[in-house]
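Trainee: Here is a sequence with its predicted model. Questions after.
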Amino acid sequence: MSGGSFDYLCFRDASDLLASERKVQEMADALAKSGYADDAAKETQALLLEIRAARNRLQASIDRLAPVWKAMEWWGSCDTSEDDFKKALAGYRGEEAKEEVAEIDRKTMRKITKELEDFICGPSGDG
């Protein structure tokens, strides 16, 4: 066999890794299973946590921006007016939206912190 059992994960760049979470997990598991690559397994697992955190942050930004992007796209296609775009932009800039973003960020950080603690110290069992 000439390699490729992990879909050539070794040649992936950062943007490819975001789409390869399953393969990164498989690599971390294989490294840990080897019995003598614990350090590489732990760093690979930490990278996986970073990928997940980045994906969560990206999705939160996309969710916030989607109404503005849609309004700009439709205005640019002459399907809506500039006023519709300005309304979407005002909604994006609103205090309610800022608090929603802050809550998403807090939840994401709690989840990431829990995953890191479980990874480093073992599961706490408090769910």
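Mentor: Perfect, I can see it now.

Trainee: Do a quick rundown of the helices in the protein.
Mentor: 14-18, 21-34, 38-76, 82-93, 95-121 (DSSP state H).

Trainee: tally of neighbours for the closest residue to T44 other than its chain neighbours?
Mentor: Once flanking residues are discounted, T44 sits nearest to A28: 4.0 Å by C-beta to C-beta, 6 or more residues apart in numbering. In short, each C-beta sits where N, CA and C put it, glycine included. Around A28 there are 20 other residues, counting by other C-beta atoms under 10 Å.

Trainee: again with G94
Mentor: Around G94 there are 11 residues (other C-beta under 10 Å).

Trainee: need the contact list for it.
Mentor: The contact partners of G94, taken as C-beta atoms under 8 Å, 6 or more residues apart in numbering, number zero.

Trainee: again, only using 10 Å
Mentor: With contact set as C-beta atoms under 10 Å, 6 or more residues apart in numbering, G94 has these partners: E100.

Trainee: From A71, how far off is it?
Mentor: Counting by C-beta to C-beta, to the nearest Å, the gap between G94 and A71 amounts to 14 Å.
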